[in-house]
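Novice: Test case, fold it:
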Amino acid sequence: MDGESREFSAEDAAALLALYVESGWTDTLAEKPVNRYELPEAPARAAGAAPAAPDGPRKAPAPRPAPVEASRPAAPASIPLEEAEAAETAREIAARCQTLDELKQALADFEGCALKFTAKNLVFADGNPEADLMFVGEAPGRDEDIQGLPFVGRAGQLLDRMLAAIGRDRQSVYITNVLNWRPPGNRAPTPAEQAICQPFIERHIALANPEVLVFLGGVSAKQLLNTTTGIMRLRGKWNVYRAGEREIPALPTLHPAYLLRQPAQKRLAWQDLLSLMQRLNAPR
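Specialist: Alright, predicted model coming up:
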C-alpha cells in the first residue's frame, strides 16, 4: 500500500535479522552505521584565531643514540619454560623406545602435551610399518580423532585415490602425523605443541626406517625440514631428511585437505606424485 505506513511487526524483525545474517553481519555496535574508513573531521577553529602557541620555547628533539655493536645473543626461547621442559622430557622418553609398539605406548602414557586431554583418542599410525614409503601429515581431524586412525575422513579418501594413482594402497605405505592428538576445533598447532611432539615423530620415522618420505602439507614439511619456507615453494622439490646417520629422500607436497578446498591445485599434486613414482621406480 503506497503512501501508507504500518507497524514494524515481529515478522519484519525476523526477516531483517535473516538479511543481516546472510550479509555476514555478526555484531551490532551502534544504532546508526559508521564508516570506519572515513577520516574524522578536524575541530573547527574560530575565525581569525591564531594557532595556540606552545608553552615556553620549543625544544629540539633529543638525538637518537647510535646503535651499539654487540655479540649476537643466544636465541630467546620460543616456548614457555614449562613447555620446554615437557619437550625435553618427550625427547628422553622417545629416545628410550626401541620399537614402534613401545613408542605408541609411550605416547599413550605421556601427559606433557595438553592436546591429549582435549582429544578423544591417540592417533598413532595406519598402514604397513614395513613399507618403503612413509607419509607424514599434520594433525588428526574430527574423523581421525573418533576412529583413532590417521586420514580416514574426506582428506583420507582423497589420499587413498592419490595412492591408487601411483599403484599403492594403505597396505603398501605407512601413514602418520607430526601430532598424535587433534587440536581443538582443528585449529593450527602452536609452536609449543609442535616442539613437545617433535621428538616422538622423529623417533617414529627412525624406527619405521622408510626408504622415501612424503610430507603432506606445510606444517609437517616446515617442522621436519626445519625451515620457514611456505609449502607452495617447498612442494615438488626433493629434500633430505636426516634420521640419525641415515639420509632419507623427502618430498613435500600439498595436503589432501587443502586440495579439497582448492581443487585447481590438484594438477600440482599430480606433478608431485609423478616425481614420487619416478623416485620409487628408480634403481636403488
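
Novice: Return the backbone torsion pair for residue 174.
Specialist: phi -130, psi 130 (degrees, to the nearest 10).

Novice: pLDDT weak spots in the chain?
Specialist: 1-8, 13, 15-80 (pLDDT under 70).

Novice: hmm, 50 instead?
Specialist: Within the chain, the segments meeting pLDDT under 50 span 1-3, 36-37, 39-40, 42-77.

Novice: Nearest the geometric middle of it, what residue?
Specialist: Geometric centre of the chain, nearest residue: residue 188, 4.0 Å, by Cα atoms, centre = their mean.

Novice: Using the three-state scheme, assign the nearest residue to it once chain neighbours are set aside.
Specialist: Using Cβ to Cβ, 6 or more residues apart in numbering and skipping residues adjacent in sequence, the residue nearest residue 188 is residue 219, 7.2 Å away. Yep, even glycine has a C-beta here, placed from its N, CA and C like the rest. For residue 219, the secondary structure call by DSSP: H, G, I helix; E, B strand; the rest coil comes out as helix.

Novice: same check, this time on residue 98
Specialist: Going by three-state DSSP: residue 98 is coil.

Novice: And it, how far from residue 147?
Specialist: Using Cβ to Cβ, to the nearest Å, residue 98 is found at 28 Å from residue 147.

Novice: Determine the longest helix present in this protein.
Specialist: Scanning the chain for the helix with the most residues, using DSSP state H, yields helix 191-208.

Novice: so how far is residue 155 from residue 116?
Specialist: 22 Å.

Novice: Show me which of those two is the more surrounded one.
Specialist: residue 155 (24 against 16; other Cβ atoms under 10 Å).

Novice: buried ones in the one helix or strand that one maps to?
Specialist: In this assignment (DSSP states H and E), residue 155 forms part of helix 154-165. For helix 154-165, the buried set under the neighbour-count rule, 16 or more other Cβ atoms under 10 Å, comprises 155-156, 158-160, 162-163.

Novice: I am finished for the moment; much appreciated.
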